[in-house]
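**Student:** sequence and predicted structure below; questions after.
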Amino acid sequence: MGKKDNIDIGRLEMLSGQYVEGVLDDAGEAELRELLCRMPEEQIPSEYKALSLMFRGFARMHREKAPQRKTRRLHLPIAVSVAVAAAVAVAVILSRVTVYGYDSDGRPITDPGKALSQTECLHALEQFEFSLRTADELAVRLENHVPENNTDN
């Protein structure tokens, strides 16, 4: 693979991630479809083969002109096949992303380093909270403590 192929793979990864998340616009979807249909099938990474199959199937369905028939039962296997391919594509892509937690805005954390720093920060806050509780308990005990009068004089 050349440099252009590496760029295509990076772009493919970004576009497919957005497609699965449901945030890809029509132009991005057209670019993803074009990338997958232009790339030779043997060069498509295994995690994108289901998406490629789905988009190539859509393209074939669009080009195909069915003869006039009284029944449409032949379309059901094609529709089921496309739906299964889409489900497999979503499952494959979602299984690649590891979510280690969520940040304060509710966004998933997929970077292990960021997740570790978040965990360390939360641990420090937990220790600080424990220190505050201990200080509060000590203050309450000191307020409630009445010194005894020493009568040994």
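**Tutor:** It's in.
**Student:** helices of this structure, residue ranges please.
**Tutor:** All helices of the chain, identified by DSSP state H, fall at 3-21, 26-38, 49-63, 75-96, 112-144.
**Student:** please identify the deepest-packed of these.
**Tutor:** helix 49-63 (a mean of 16; mean count of other CB atoms under 10 Å). C-beta coordinates here come from the backbone N, C-alpha and C atoms, glycine included.
**Student:** give me the domain ranges for the protein.
**Tutor:** Listed domain ranges for the chain are 1-63+75-97, 103-145 (source: automatic domain parsing).
**Student:** which of the ones you listed has the lowest mean pLDDT?
**Tutor:** Mean pLDDT per stretch puts domain 1-63+75-97 lowest among the domains of the chain, at a mean of 81.
**Student:** tell me which residues touch the closest residue in space to Arg11 that isn't next to it in sequence, please.
**Tutor:** Nearest non-adjacent residue to Arg11, counting by CB to CB, 6 or more residues apart in numbering: Leu35, 6.6 Å away. Leu35 makes contact with 8, 11-12, 15, according to CB atoms under 8 Å, 6 or more residues apart in numbering.
**Student:** Asp103 is nearest to which of the helices of the chain?
**Tutor:** For those, distance to Asp103 was read as CB to CB. The smallest value, 7.0 Å, belongs to helix 112-144.
**Student:** what does stretch 52-63 rub up against?
**Tutor:** 32-33, 36-37, 39, 41, 44, 78, 81-82, 85-86, 89.
**Student:** can you do 7 Å?
**Tutor:** With contact meaning CB atoms under 7 Å, 6 or more residues apart in numbering, stretch 52-63 is reached by 33, 36-37, 41, 44, 78, 81-82, 85-86, 89.
**Student:** and that stretch, how far out from the chain's middle?
**Tutor:** Distance, stretch centre to chain centre, for stretch 52-63: 25 Å (CA atoms, centre = their mean, to the nearest Å).
**Student:** cool, stretch 50-66 as well?
**Tutor:** Centre-to-centre, stretch 50-66 and its host chain are 26 Å apart (CA atoms, centre = their mean).
**Student:** extract the C-alpha set from that stretch and format it as CSV.
**Tutor:** What follows is stretch 50-66, C-alpha atoms only, in CSV (Å, rounded to 0.1, in the frame of the first residue of the first chain):
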residue,chain,number,x,y,z
ALA,A,50,-19.3,-5.5,6.1
LEU,A,51,-19.7,-1.7,5.4
SER,A,52,-18.2,-2.2,1.9
LEU,A,53,-20.6,-5.1,1.3
MET,A,54,-23.5,-3.0,2.4
PHE,A,55,-22.6,0.0,0.2
ARG,A,56,-21.7,-2.2,-2.8
GLY,A,57,-25.1,-4.0,-2.4
PHE,A,58,-26.9,-0.6,-2.3
ALA,A,59,-25.1,0.4,-5.5
ARG,A,60,-26.1,-2.9,-7.3
MET,A,61,-29.7,-2.5,-6.1
HIS,A,62,-29.7,1.0,-7.5
ARG,A,63,-28.4,-0.1,-10.9
GLU,A,64,-30.6,-3.1,-11.1
LYS,A,65,-33.8,-2.8,-13.0
ALA,A,66,-36.2,-5.5,-12.0
